[in-house]
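Visitor: Quick one: sequence and predicted model below, then my questions.
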Amino acid sequence: MPTVPHQIAILGAGPAGLGAAYKLAQKGGFQVTVIEQNPKVGGNAGSFELDGVHADYGSHRLHPACDPEILADIRSLVGEDLLDRPRNGRIRLKDKWIRFPLRPVDLLLRLPPDFALGTARDMLTSPFRSKGESKTGQNFASVLERSLGKTICSEFYFPYAQKIWGSPPEELSAIQAQRRISANSPWKIIRKVFSLLPGMRKPGAGRFFYPRCGYGQISSAYEAAARRMGVEILMPARVHSIDLTRPDAVTIKVEKAGEISEIRADRLWSTIPINRLAGLIQPVLPEQDRKAVGQLEYRSMILIYLVLEQNQFSQFDAHYFPGLEIPITRLSEPKNYSGVSEPGGTTVLCAELPCGPQDANWQASDSELGELAVEALAKEGIPVQSPIRSILVKRLRYAYPIYRQGFESHFSLLDDWISQFERVLSFGRQGLFAHDNTHHALYTAYSAVECLDPSGRFDHDRWTEYRRIFETHVVED
């Protein structure tokens, strides 16, 4: 008798969901169905075409810190379209533009004098700040101020954090600092700067990988390979409920093209936000624990695209705006990420505006948001001077998890409750409520597949070890 393949249903066709589907199909012995609510794959890491330009949902890069196995797969799938590109951004700091990543010459000659003096003073006094500090009562602000000093924090990290997460830095968890800031001392920043010098350059320093046809080409390549190996991808399709009351299977009620059907699977793997997953499951979360669903908050993001009638707006791929005087946090120019000059006579800018779904900006019209972006750029000394052909706005409801103080207990409650269901696994950026990069999300997908043996048995102890490793990852920027 032929062996019946194990049925695996995966929620979400972002990098984590597609990466898991691809590796399961490659492993063999599994019949995989991916369910995606949008009409295209990639999620927040997807791309789309705008007036002939490949545009992303904000600024995305594949970092050289990517796990070698994952990078090898991406190279194989994307092929020659995976470009090795130099980083070339800049930060607006005290009315001056500073290159990002910092170059040694910037550190020595171009920093605002009072900022440089304040940072030098903070470096000299850092040993005294560290002494006698207790971990009790720490938060994002106290951790960063102790490690980096007041100058860098007050001029860059604190206002930037306020804009990105919509909360004073004192209200954010210390974990936010640990997961988000890799160079967490002035000395580490200096080492990172000088690692760009010839003879001291580390592999990949100051560079990134980027697909010729936009960042979403990575997800599209995983999708195409998974389909070739027999993976079924349903999209756009919306999950209505997940029934876990049967001991032998998971039953997922799905709506596609107006018709509702049921999918039965041996296992359900989810990459959607963990609080959304909890709300779909039957049996329902105990009433006394349901408040945890609402206590896990996500910061939303409005992306404002300006299509300009010119070849190039600037030479820089990204501009960062930490100051509170304007609401946008970052501006990217997709053509500068890929280095692809076509089409001529057109470029696209993408301004990132973090907000909440209840904010007035969330309801604003495209033209109002376009005007907001244009005014912000003019205020920072980089006015839009060529005609604007069109304005497009995209809204990301789940852009960043917000690590408010105390979030850990709410996440743990949901995580533990979902983990009790043997047939369910939550992973990826949204599934683990994590700040991460694409290669980190793919790491969780590859790790999950490693834990599933050909008989369909999942090694939970091994998964716990992989989770511990994942929790040490720090966002690359």
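Guide: That came in fine, so what should we check first?

Visitor: For residue 167, give me its contacts.
Guide: By C-beta atoms under 8 Å, 6 or more residues apart in numbering, residue 167 lies in contact with 161, 402, 404. Placement of C-beta: from N, CA and C, glycine included.

Visitor: Next one: it relative to residue 301, how far apart?
Guide: Distance of residue 167 to residue 301, computed by C-beta to C-beta, to the nearest Å: 15 Å.

Visitor: sorry, back to before: what about the contacts of residue 167, which are in helices?
Guide: Cross-referencing those against helices under DSSP state H gives residue 161.

Visitor: Adding neighbour count, write the contacts of residue 167 out as JSON lines.
Guide: Compiled in JSON lines, these are given as follows (neighbours: other C-beta atoms under 10 Å):
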{"residue": "161", "neighbour count": "24"}
{"residue": "402", "neighbour count": "20"}
{"residue": "404", "neighbour count": "19"}
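
Visitor: top helix in the protein by residue count?
Guide: Longest helix in the chain, counting by DSSP H: helix 113-130.

Visitor: May I have the helix or strand following that one exported as PDB, CA atoms only?
Guide: Per DSSP states H and E, helix 113-130 leads on to helix 140-148 as the next helix or strand towards the C-terminus. The C-alpha trace of helix 140-148 is given here as PDB (Å, rounded to 0.1, in the frame of the first residue of the first chain):
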ATOM      1  CA  PHE A 140      13.800  50.600  26.500                       C
ATOM      2  CA  ALA A 141      14.900  54.100  27.600                       C
ATOM      3  CA  SER A 142      16.900  53.100  30.700                       C
ATOM      4  CA  VAL A 143      18.700  50.300  28.900                       C
ATOM      5  CA  LEU A 144      19.700  52.400  25.900                       C
ATOM      6  CA  GLU A 145      20.600  55.500  28.000                       C
ATOM      7  CA  ARG A 146      22.800  53.400  30.200                       C
ATOM      8  CA  SER A 147      24.600  51.700  27.300                       C
ATOM      9  CA  LEU A 148      24.700  54.500  24.700                       C
END
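
Visitor: Can we start the residue count at 27 from this point?
Guide: Sure, I'll start numbering at 27, so the last one becomes helix 166-174.

Visitor: quick one, helix 166-174 and helix 139-156 angle?
Guide: 100 degrees (axes from the mean of the first three to the mean of the last three C-alpha atoms, to 10 degrees).

Visitor: Correct me if wrong: residue 360 contacts residue 239.
Guide: No - at 10.4 Å, residue 360 and residue 239 do not qualify as touching, with contact defined as C-beta atoms under 8 Å.

Visitor: Buried residues in the longest helix of the chain, which are they?
Guide: For helix 139-156, burial by neighbour count (16 or more other C-beta atoms under 10 Å) applies to 141, 144, 145, 148, 149, 152.

Visitor: elements contacting it?
Guide: helix 166-174, helix 176-178, helix 212-220 (3 or more C-beta pairs under 8 Å, 6 or more residues apart in numbering; DSSP states H and E).

Visitor: Identify each buried residue in the helix or strand harbouring residue 403, please.
Guide: Element membership of residue 403 [criterion: DSSP H and E] is helix 392-405. Within helix 392-405, the residues scored as buried using 16+ other C-beta under 10 Å are 395, 396, 398, 399, 400, 402, 403.

Visitor: still on that earlier bit, comparing residue 360 and residue 239, which residue is more hemmed in?
Guide: Legend: neighbour count by other C-beta atoms under 10 Å for residue 360 and residue 239, higher for residue 360 (24 against 16).

Visitor: Looking at the more buried one now. What's its pLDDT?
Guide: What the model reports for residue 360 is a pLDDT of 96.

Visitor: which residue sits closest to it, ignoring its sequence neighbours?
Guide: residue 81 (5.1 Å; C-beta to C-beta, 6 or more residues apart in numbering).

Visitor: tell me the secondary structure for the one you found?
Guide: Secondary structure for residue 81, judged by DSSP: H, G, I helix; E, B strand; the rest coil, is strand.
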